[in-house]
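*Asks:* One predicted model, sequence on top.
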Amino acid sequence: GDSVTQMEGPVTLSEEACLTINCTYTATGYPSLFWYVQYPGEGLQLLLKATKADDKGSNKGFEATYRKETTSFHLEKGSVQVSDSAVYFCALSDLGGSARQLTFGSGTQLTVLP
Amino acid sequence: GAGVSQSPRYKVAKRGQDVALRCDPISGHVSLFWYQQALGQGPEFLTYFQNEAQLDKSGLPSDRFFAERPEGSVSTLKIQRTQQEDSAVYLCASSFGGPAYNSPLHFGNGTRLTVT
(Lines give C-alpha, C1' and ligand atoms only; values in the text may rest on other atoms or scores of the structure.)
Protein backbone atom coordinates (compact mmCIF):
# COMPACT_ATOMS: atom_id res chain seq x y z
CA GLY A 1 0.00 0.00 0.00
CA ASP A 2 0.86 3.66 -0.12
CA SER A 3 2.95 5.18 2.64
CA VAL A 4 4.83 8.36 3.50
CA THR A 5 7.88 8.52 5.74
CA GLN A 6 9.08 11.86 6.97
CA MET A 7 11.87 13.10 9.13
CA GLU A 8 11.15 12.81 12.80
CA GLY A 9 11.11 15.94 14.88
CA PRO A 10 11.06 18.06 16.70
CA VAL A 11 13.29 20.40 14.75
CA THR A 12 14.50 23.60 16.42
CA LEU A 13 16.23 26.30 14.38
CA SER A 14 17.30 29.86 14.86
CA GLU A 15 15.71 32.55 12.73
CA GLU A 16 17.27 32.83 9.24
CA ALA A 17 18.65 29.29 9.36
CA CYS A 18 18.17 26.88 6.44
CA LEU A 19 15.48 24.22 6.72
CA THR A 20 15.20 20.78 5.16
CA ILE A 21 12.51 18.28 6.17
CA ASN A 22 12.97 14.94 4.46
CA CYS A 23 10.05 13.03 2.98
CA THR A 24 10.07 9.76 1.06
CA TYR A 25 7.11 7.81 -0.25
CA THR A 26 5.93 4.45 -1.48
CA ALA A 27 3.09 4.34 -3.95
CA THR A 28 1.56 1.72 -6.21
CA GLY A 29 0.42 4.16 -8.87
CA TYR A 30 1.27 7.70 -9.94
CA PRO A 31 1.14 9.92 -6.89
CA SER A 32 0.72 13.62 -6.54
CA LEU A 33 2.71 14.95 -3.60
CA PHE A 34 1.83 17.61 -1.06
CA TRP A 35 3.09 19.45 1.96
CA TYR A 36 0.47 20.55 4.48
CA VAL A 37 1.17 22.84 7.43
CA GLN A 38 -0.65 23.12 10.75
CA TYR A 39 -0.03 26.35 12.65
CA PRO A 40 -0.80 26.37 16.39
CA GLY A 41 -4.55 26.35 17.01
CA GLU A 42 -5.40 26.13 13.32
CA GLY A 43 -6.47 23.45 10.86
CA LEU A 44 -4.27 21.77 8.28
CA GLN A 45 -3.70 23.89 5.20
CA LEU A 46 -2.06 23.15 1.89
CA LEU A 47 1.43 24.64 1.63
CA LEU A 48 2.51 23.37 -1.80
CA LYS A 49 2.08 20.51 -4.22
CA ALA A 50 3.64 18.78 -7.23
CA THR A 51 1.74 16.50 -9.56
CA LYS A 52 4.46 14.87 -11.67
CA ALA A 53 8.12 13.98 -11.64
CA ASP A 54 10.58 16.90 -11.60
CA ASP A 55 7.83 19.40 -10.77
CA LYS A 56 8.76 21.94 -8.13
CA GLY A 57 6.09 23.22 -5.77
CA SER A 58 6.69 26.52 -4.02
CA ASN A 59 4.88 28.87 -1.66
CA LYS A 60 5.83 31.37 1.08
CA GLY A 61 9.54 30.77 0.41
CA PHE A 62 9.20 27.00 0.80
CA GLU A 63 10.09 24.64 -2.05
CA ALA A 64 9.91 20.92 -2.72
CA THR A 65 10.88 18.99 -5.86
CA TYR A 66 9.20 15.73 -6.88
CA ARG A 67 12.06 13.26 -7.34
CA LYS A 68 10.77 10.03 -8.81
CA GLU A 69 14.21 8.37 -8.94
CA THR A 70 14.64 8.72 -5.19
CA THR A 71 10.89 8.69 -4.36
CA SER A 72 11.39 11.86 -2.37
CA PHE A 73 9.74 15.25 -1.85
CA HIS A 74 11.94 17.10 0.64
CA LEU A 75 10.73 20.46 1.97
CA GLU A 76 13.28 23.30 1.95
CA LYS A 77 13.46 26.94 2.93
CA GLY A 78 16.52 29.09 2.77
CA SER A 79 15.78 31.37 5.70
CA VAL A 80 13.13 30.46 8.27
CA GLN A 81 11.15 32.92 10.36
CA VAL A 82 9.59 32.62 13.80
CA SER A 83 6.20 32.60 12.07
CA ASP A 84 7.13 29.35 10.31
CA SER A 85 6.85 27.47 13.61
CA ALA A 86 4.27 24.77 12.94
CA VAL A 87 3.82 21.07 12.24
CA TYR A 88 4.56 20.06 8.64
CA PHE A 89 2.99 17.00 7.01
CA CYS A 90 4.07 15.35 3.78
CA ALA A 91 1.24 13.61 1.94
CA LEU A 92 0.41 11.84 -1.30
CA SER A 93 -2.62 11.17 -3.42
CA ASP A 94 -2.26 8.09 -5.57
CA LEU A 95 -4.00 8.20 -8.92
CA GLY A 96 -3.50 4.45 -9.09
CA GLY A 97 -5.57 4.09 -5.97
CA SER A 98 -8.13 6.50 -4.62
CA ALA A 99 -7.15 9.82 -6.13
CA ARG A 100 -9.31 11.76 -3.72
CA GLN A 101 -7.96 10.72 -0.36
CA LEU A 102 -4.59 11.67 1.10
CA THR A 103 -2.02 9.46 2.80
CA PHE A 104 -0.04 11.47 5.36
CA GLY A 105 3.30 11.15 7.04
CA SER A 106 3.52 11.44 10.81
CA GLY A 107 4.41 15.14 10.82
CA THR A 108 7.47 17.15 11.80
CA GLN A 109 7.26 19.82 14.49
CA LEU A 110 9.33 22.89 13.63
CA THR A 111 10.18 25.55 16.19
CA VAL A 112 12.02 28.69 15.08
CA LEU A 113 13.65 30.73 17.81
CA PRO A 114 14.24 34.50 17.50
CA GLY B 1 -18.76 30.72 7.29
CA ALA B 2 -15.66 30.85 5.20
CA GLY B 3 -14.10 27.60 6.39
CA VAL B 4 -14.89 24.09 7.53
CA SER B 5 -16.49 24.16 10.97
CA GLN B 6 -16.39 21.28 13.42
CA SER B 7 -18.16 20.88 16.74
CA PRO B 8 -17.65 20.28 19.52
CA ARG B 9 -14.05 21.42 19.71
CA TYR B 10 -13.41 19.06 22.63
CA LYS B 11 -15.35 16.02 23.81
CA VAL B 12 -14.75 13.88 26.85
CA ALA B 13 -16.64 10.59 26.97
CA LYS B 14 -16.66 7.75 29.41
CA ARG B 15 -15.84 4.38 27.95
CA GLY B 16 -18.96 2.81 26.54
CA GLN B 17 -20.74 6.08 25.76
CA ASP B 18 -21.86 7.04 22.27
CA VAL B 19 -20.61 10.29 20.72
CA ALA B 20 -21.58 12.35 17.69
CA LEU B 21 -19.19 14.74 15.97
CA ARG B 22 -20.44 17.36 13.55
CA CYS B 23 -18.88 18.85 10.44
CA ASP B 24 -20.13 21.85 8.45
CA PRO B 25 -18.20 21.92 5.17
CA ILE B 26 -17.60 24.92 2.97
CA SER B 27 -20.79 25.78 1.11
CA GLY B 28 -20.89 24.18 -2.32
CA HIS B 29 -18.19 21.64 -1.63
CA VAL B 30 -19.19 18.30 -3.07
CA SER B 31 -16.60 16.13 -1.36
CA LEU B 32 -16.33 15.57 2.38
CA PHE B 33 -13.75 13.50 4.22
CA TRP B 34 -13.25 12.32 7.78
CA TYR B 35 -9.76 11.62 9.13
CA GLN B 36 -8.56 10.36 12.49
CA GLN B 37 -5.35 11.78 13.94
CA ALA B 38 -3.79 10.02 16.90
CA LEU B 39 -1.38 11.94 19.11
CA GLY B 40 1.94 12.49 17.35
CA GLN B 41 0.74 10.91 14.12
CA GLY B 42 -0.49 12.10 10.77
CA PRO B 43 -4.17 12.02 9.85
CA GLU B 44 -5.53 8.67 8.69
CA PHE B 45 -8.41 8.40 6.25
CA LEU B 46 -11.73 7.17 7.62
CA THR B 47 -14.42 7.83 5.04
CA TYR B 48 -15.42 9.91 2.01
CA PHE B 49 -18.71 11.36 0.76
CA GLN B 50 -19.61 12.76 -2.61
CA ASN B 51 -22.72 14.81 -1.90
CA GLU B 52 -24.90 12.48 0.19
CA ALA B 53 -23.35 9.26 -1.09
CA GLN B 54 -20.75 7.55 1.05
CA LEU B 55 -18.39 6.27 -1.64
CA ASP B 56 -15.57 4.98 0.51
CA LYS B 57 -15.67 3.83 4.12
CA SER B 58 -12.67 1.59 3.95
CA GLY B 59 -10.85 3.46 6.72
CA LEU B 60 -13.50 3.08 9.41
CA PRO B 61 -11.76 0.98 12.08
CA SER B 62 -14.78 -0.96 13.26
CA ASP B 63 -18.54 -1.25 12.95
CA ARG B 64 -18.81 1.07 15.97
CA PHE B 65 -17.96 3.94 13.62
CA PHE B 66 -20.72 5.33 11.43
CA ALA B 67 -20.85 8.47 9.28
CA GLU B 68 -23.68 10.14 7.44
CA ARG B 69 -24.33 13.17 5.26
CA PRO B 70 -28.05 12.90 4.55
CA GLU B 71 -28.57 16.15 2.64
CA GLY B 72 -25.15 16.42 1.07
CA SER B 73 -23.93 19.21 3.33
CA VAL B 74 -23.51 18.72 7.09
CA SER B 75 -21.98 15.44 8.15
CA THR B 76 -21.98 13.56 11.43
CA LEU B 77 -19.46 10.98 12.57
CA LYS B 78 -20.90 8.73 15.25
CA ILE B 79 -18.90 6.42 17.47
CA GLN B 80 -20.82 3.87 19.49
CA ARG B 81 -19.62 2.29 22.73
CA THR B 82 -16.43 4.37 22.76
CA GLN B 83 -13.15 2.71 23.74
CA GLN B 84 -9.94 4.30 24.98
CA GLU B 85 -8.24 3.62 21.66
CA ASP B 86 -10.80 5.92 20.02
CA SER B 87 -9.13 8.90 21.73
CA ALA B 88 -7.83 11.10 18.90
CA VAL B 89 -8.49 14.27 16.96
CA TYR B 90 -11.16 13.77 14.32
CA LEU B 91 -10.67 15.98 11.30
CA CYS B 92 -13.19 16.88 8.66
CA ALA B 93 -12.16 18.19 5.24
CA SER B 94 -14.08 19.30 2.20
CA SER B 95 -13.29 20.08 -1.42
CA PHE B 96 -15.04 21.07 -4.62
CA GLY B 97 -14.63 17.51 -5.80
CA GLY B 98 -12.46 15.41 -8.05
CA PRO B 99 -8.93 14.15 -7.41
CA ALA B 100 -6.85 15.77 -4.70
CA TYR B 101 -4.23 17.11 -7.11
CA ASN B 102 -6.58 19.68 -8.56
CA SER B 103 -9.15 20.02 -5.80
CA PRO B 104 -7.33 20.86 -2.56
CA LEU B 105 -8.77 19.74 0.74
CA HIS B 106 -9.83 22.37 3.26
CA PHE B 107 -9.58 21.09 6.81
CA GLY B 108 -11.49 22.05 9.92
CA ASN B 109 -9.79 22.52 13.28
CA GLY B 110 -10.92 19.09 14.43
CA THR B 111 -12.69 17.62 17.43
CA ARG B 112 -10.42 16.28 20.15
CA LEU B 113 -12.09 13.19 21.66
CA THR B 114 -10.83 11.85 24.96
CA VAL B 115 -12.27 8.58 26.23
CA THR B 116 -11.76 7.98 29.92
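*Replies:* Sure thing, it's come through. As the structure is a prediction and not an experimental result, all values here were calculated from the model.

*Asks:* what's the neighbour count on A:Asn22?
*Replies:* As a burial measure, A:Asn22 scores 16 neighbours (other Cβ atoms under 10 Å in any protein chain shown). (C-beta placed from N, C-alpha, C; glycine too.)

*Asks:* OK, contacts around it?
*Replies:* By Cβ atoms under 8 Å, 6 or more residues apart in numbering or on different chains, the contact list for A:Asn22 reads A:6-7, A:72, A:74.

*Asks:* hmm, try it at 6 Å
*Replies:* Contacts for A:Asn22 (Cβ atoms under 6 Å, 6 or more residues apart in numbering or on different chains) come out as A:7, A:74.

*Asks:* Could you check how far it is from A:Ala64?
*Replies:* Going from A:Asn22 to A:Ala64 by Cβ to Cβ, to the nearest Å gives 11 Å.

*Asks:* low-scoring pLDDT stretches of chain A, where are they?
*Replies:* Along chain A, the parts satisfying pLDDT under 70 run over A:95-100.

*Asks:* Report the central residue of chain B.
*Replies:* Central residue of chain B (Cα atoms, centre = their mean): B:Trp34, 3.1 Å from the mean position.

*Asks:* That one should be in a strand, yeah?
*Replies:* Yes - assessed with DSSP: H, G, I helix; E, B strand; the rest coil, B:Trp34 lies in a strand.

*Asks:* A:Gly107 touches A:Ala91, doesn't it?
*Replies:* No - using Cβ atoms under 6 Å, A:Gly107 makes no contact with A:Ala91, being 10.1 Å away.

*Asks:* name the helices or strands packed onto the helix or strand harbouring B:Leu91?
*Replies:* Element membership of B:Leu91, judged by DSSP states H and E, is strand B:88-95. Applying 3 or more Cβ pairs under 6 Å, 6 or more residues apart in numbering or on different chains; DSSP states H and E, we find strand B:88-95 packed against strand B:31-37, strand B:106-107.

*Asks:* Tell me which of the ones you listed sits most buried.
*Replies:* strand B:31-37 (a mean of 24; mean count of other Cβ atoms under 10 Å in any protein chain shown).

*Asks:* Not counting that strand itself, show me its contacts.
*Replies:* Defining contact as Cβ under 6 Å, 6+ apart, one finds that strand B:31-37 is touched by B:25, B:43-50, B:67, B:69, B:75, B:77, B:88-95, B:97.

*Asks:* Buried ones only from the residues you listed, please, as a ChimeraX command.
*Replies:* Per 16 or more other Cβ atoms under 10 Å in any protein chain shown, the buried members of the contacts of strand B:31-37 correspond to this ChimeraX selection:
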select /B:25,43,44,45,46,47,48,49,50,67,69,75,77,88,89,90,91,92,93,94,95
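
*Asks:* OK, contacts around B:Gly72?
*Replies:* Applying Cβ under 6 Å, 6+ apart, the residues contacting B:Gly72 are B:51-52.

*Asks:* I'd assumed it was in a strand, is it?
*Replies:* No - assessed with three-state DSSP, B:Gly72 is coil; it does not lie in a strand.

*Asks:* Got the phi and psi for it?
*Replies:* phi 80, psi 10 (degrees, to the nearest 10).

*Asks:* What's the separation between it and B:Ala20?
*Replies:* Distance from B:Gly72 to B:Ala20, counting by Cβ to Cβ: 18 Å.

*Asks:* Then B:Ser7?
*Replies:* 10 Å.

*Asks:* Can you get me a residue count around the closest residue to B:Gln17 other than its chain neighbours?
*Replies:* In this structure, B:Gln17 finds its nearest non-sequential neighbour in B:Thr82, 5.5 Å apart by Cβ to Cβ, 6 or more residues apart in numbering or on different chains. Neighbour count of B:Thr82, defined by other Cβ under 10 Å: 21.
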